[in-house]
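Chemist: pasting the structure only:
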């Protein structure tokens, strides 16, 4: 449950109480009841409150579980097409959105490994999401419960050492901020490139004359991954050069021809 208080200052998050566990690993944990389709108390067989019931029990006077404060230094800059900084900004975003979190700092010593192990143990029983199995320790059924959930063994990203503490995405999925899927963006980009190259008399292959078949593991016709990556880079270098040639072409096209847009 997220409530925004004093816009652009801080956010307060209310969750069910998770400071005093009702069940421990050493004792008996809540048990799955197939007939009720949920977890019950091991002694009384009474069903535990569902996630929605636990949220409804939060009162207006209950303190927040988390407070996220934003200072005046927070500033979000968009990426404007064909601006002077667009290439640098896209390169910067691509670099940090594609690298794994665990490669930012390489663990090389025993002391560092023990430090990571201590952090993982400290977060082991923290509830990372509404679906986290750790809610069972506090007498609450996780959202969408299923059998064999055990506190301390949540498989969420926030509990993995490679992404310790980072449970969500670093960016929203494409359809959330543009209204289009990645497939839609690929189609738009292909149409834009085809329009640019048409000015030079270059035509894209007719997709209706091509047959696409999925490659299977071990297929001898599939090139090595290193070759595919290098070929992809070479293709994009060639496309950029062709687009730049189109942008520098003499203005001898008719008024109905598509406009030439310099490549970013």
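Modeler: Looks like it arrived, so ask away. No experiment lies behind these values; they were computed from the predicted model shown.
Chemist: when you work out contacts or count neighbours from here on, use the C-alpha atoms and nothing else.
Modeler: OK.
Chemist: where does the prediction get shaky in this structure?
Modeler: 1-8, 71-82, 95-104, 167-178, 200, 204, 249-264 (pLDDT under 70).
Chemist: show me where it has strands.
Modeler: Secondary structure of the chain, counting by DSSP state E: strands at 2-5, 10-13, 31-33, 38-40, 66-69.
Chemist: deepest in the core, which of these is it.
Modeler: Mean neighbour count, computed with mean count of other Cα atoms under 10 Å, is highest for strand 38-40 among those, reaching a mean of 23.
Chemist: which residues touch it?
Modeler: Here strand 38-40 makes contact (Cα atoms under 8 Å, 6 or more residues apart in numbering) with 30-33, 46-48, 141, 145-147.
Chemist: closest one to residue 132 among the strands of the chain?
Modeler: Of all these, strand 38-40 sits nearest to residue 132, with 13.7 Å by Cα to Cα.
Chemist: may I have the distance across stretch 21-40, first residue to last?
Modeler: Stretch 21-40 has an end-to-end distance of 15 Å (Cα to Cα, to the nearest Å).
Chemist: and what of stretch 211-225?
Modeler: Start and end residues of stretch 211-225 are separated by 22 Å (Cα to Cα).
Chemist: stretch 29-39: end-to-end distance?
Modeler: Termini of stretch 29-39 sit 10 Å apart (Cα to Cα).
Chemist: what about residue 54, how many neighbours?
Modeler: Using other Cα atoms under 10 Å, residue 54 is surrounded by 17 other residues.
Chemist: nearest residue to it in space, please, no chain neighbours.
Modeler: residue 16 (5.9 Å; Cα to Cα, 6 or more residues apart in numbering).
Chemist: what's near enough to touch that neighbour?
Modeler: Contact analysis of residue 16 by Cα under 8 Å, 6+ apart lists 54-55, 57-58.
Chemist: and if you look at residue 49?
Modeler: When contacts are counted by Cα under 8 Å, 6+ apart, residue 49 touches 139-141.
Chemist: quick one, phi/psi of it?
Modeler: The phi/psi pair for residue 49 (degrees, to the nearest 10) reads phi -60, psi 140.
Chemist: out of the contacts of strand 38-40, which are buried?
Modeler: Neighbour counting by 16 or more other Cα atoms under 10 Å classes 30-33, 47-48, 141, 145-146 among the contacts of strand 38-40 as buried.
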